[in-house]
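**Q** this one's structure only:
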């Protein structure tokens, strides 16, 4: 019922996560209302994100340069390395603005049930980096899950004997949560990771 150009745009929007038919139609009609400059910016942005963005040579954070702005920042603490499972985690930490060390982004987490092994997530590159740079502390910032625990334990075992302080972010009860809705694993973590008041 739609002209081919509009139908193709609707189908293109449906490639995005959580975008169904109705949302894709709404997006397509919004594009029709844009002026020429907005459409040019939109098209250029789509092309540029695919052609210019790539992982940083050091840490795998997305960048347009060979080395990302975090790795090249002389004011960052070069002694602390935070290991995360994906690039989105880095951007979350950076929005908070509390962490001033360096990052290393893995290609996911170890999950033998899903066929994801240590060699699949780029641990070799991480280990090379740890051996070549003078880190004093390694922080694991993985989601609280079996895969996160497995990955942390695997890397920790390899790093044993390297005279590094190895920590992980605390897990616990979210602020504002009703205790009756908190699952038992989260409660267990909250108890074991408790801090002195």
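**A** Right, received. Where do you want to start? Keep in mind it's a predicted model, so treat the numbers as computed, not measured.
**Q** count the residues that sit near residue 49.
**A** 11 (other Cβ atoms under 10 Å). Backbone N, C-alpha and C define where each C-beta goes, glycine included.
**Q** what do you get for residue 116?
**A** 17.
**Q** partners of it in the sheet?
**A** Note on residue 116: beta-bridge partners by DSSP bridges are residue 111.
**Q** and the gap between the spatially closest residue to residue 27 that is not a sequence neighbour and residue 41?
**A** Nearest residue to residue 27 in three dimensions, chain neighbours excluded: residue 13, at 4.6 Å (Cβ to Cβ, 6 or more residues apart in numbering). According to Cβ to Cβ, to the nearest Å, residue 13 and residue 41 sit 17 Å apart.
**Q** and what of residue 18?
**A** Distance from residue 18 to residue 41, by Cβ to Cβ: 24 Å.
**Q** which of the two has more neighbours?
**A** With neighbours defined as other Cβ under 10 Å, residue 18 and residue 41 compare such that residue 41 has more, 11 against 5.
**Q** quick check: the more buried one is in a strand.
**A** No. Read with DSSP: H, G, I helix; E, B strand; the rest coil, residue 41 is helix and lies in no strand.
**Q** any idea which element the nearest residue to residue 66 once chain neighbours are set aside lies in?
**A** Leaving aside its sequence neighbours, residue 66 sits nearest to residue 57 (Cβ to Cβ, 6+ apart; 5.4 Å). Under DSSP states H and E, no helix or strand contains residue 57.
**Q** report how many residues lie close to residue 57.
**A** 13.
**Q** so it is in contact with residue 65, correct?
**A** No. Judged on Cβ atoms under 8 Å, residue 57 makes no contact with residue 65 at a distance of 9.2 Å.
**Q** can you give me the strands for the chain?
**A** Ranges of strands within the chain are 54-55, 62-63, 80-84, 102-105, 137-141, 165-168, based on DSSP state E.
**Q** just tell me which of the ones you listed ends up closest to residue 94.
**A** For those, proximity to residue 94 was assessed by Cβ to Cβ; strand 102-105 is nearest, at 8.8 Å.
**Q** direction included, what does the closest one pair against?
**A** In its sheet, and by DSSP bridges, strand 102-105 pairs with strand 80-84 (parallel).
**Q** ok, and what's touching stretch 15-24?
**A** By Cβ atoms under 8 Å, 6 or more residues apart in numbering, the residues outside stretch 15-24 that reach it are 10-11, 13-14, 27.
**Q** just the ones of these in helices?
**A** 10-11, 13, 27 (DSSP state H).
**Q** show the model's pLDDT score for residue 9.
**A** Residue-level confidence at residue 9 comes out at 95, pLDDT.
**Q** quick one, domains of the chain?
**A** Residue ranges for the domains of the chain, per automatic domain parsing: 4-52, 76-192.
**Q** which of the residues in stretch 8-21 are buried?
**A** By neighbour count with 16 or more other Cβ atoms under 10 Å, stretch 8-21 contains the buried residues 9-10, 13.
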